[in-house]
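Participant: Would you be able to build a 3D model of this:
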Amino acid sequence: MNFDALGAAWAPRLLSILRIMSGLLLLQHGTGKLLKFPAGVVPANFNLMSMPGYAGMIEFVCGILLIIGLFSRPAAFLASGMTAVAYFMAHAPQGFYPILNKGELAVLYCFVFLYIAAAGPGPWSIDAARRK
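Facilitator: Residues are numbered from 1 along each chain as shown. Take a look at the predicted model:
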């Protein structure tokens, strides 16, 4: 099996799948904060006009944009920055190592969204359809 040929053929499609799945995962953070779905995600003292509230708005809007592939690069760039801020404000003060400060997910999201911002949305997106 020629993995180079397989990779070349599937890389653009897998980029689209990465964007869609990352968008869906980001969206669930936003729906948890803004719509309280799924239940139990947000603390009882959650305030919409706070940093977590603003993060919820970004997660919700950017999640939807990433799923459908519309304005994917700016949405991914904004999501990358938001997750970097989340890491440095919420996790890094608890210790240096992400495995210990429970910040691995924020770091991973940051770099996945940064990659999508650079690589683009892939072929299965509204952005790609608009370019044609």
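
Participant: The residue nearest to residue 53 when sequence neighbours are not counted and residue 55: what is the separation?
Facilitator: Nearest residue to residue 53, sequence neighbours excluded (C-beta to C-beta, 6 or more residues apart in numbering): residue 47, at 5.8 Å. Any C-beta I mention is one placed from the backbone N, CA and C, and that applies to glycine too. Distance, residue 47 to residue 55, by C-beta to C-beta, to the nearest Å: 12 Å.

Participant: go on, residue 128?
Facilitator: 28 Å.

Participant: for residue 117, same thing?
Facilitator: Relative to residue 55, and taking C-beta to C-beta, residue 117 is found at 18 Å.

Participant: Quick one: distance of the helix ranked longest in the chain to the chain centre.
Facilitator: Identified as the longest helix of the chain according to DSSP state H is helix 3-34. Offset of helix 3-34 from its chain centre (C-alpha atoms, centre = their mean, to the nearest Å): 9 Å.

Participant: quick revisit: compare residue 47 and residue 55 (neighbour count), which wins?
Facilitator: Taking other C-beta atoms under 10 Å, residue 47 and residue 55 do not tie; residue 55 has more neighbours (20 against 9).
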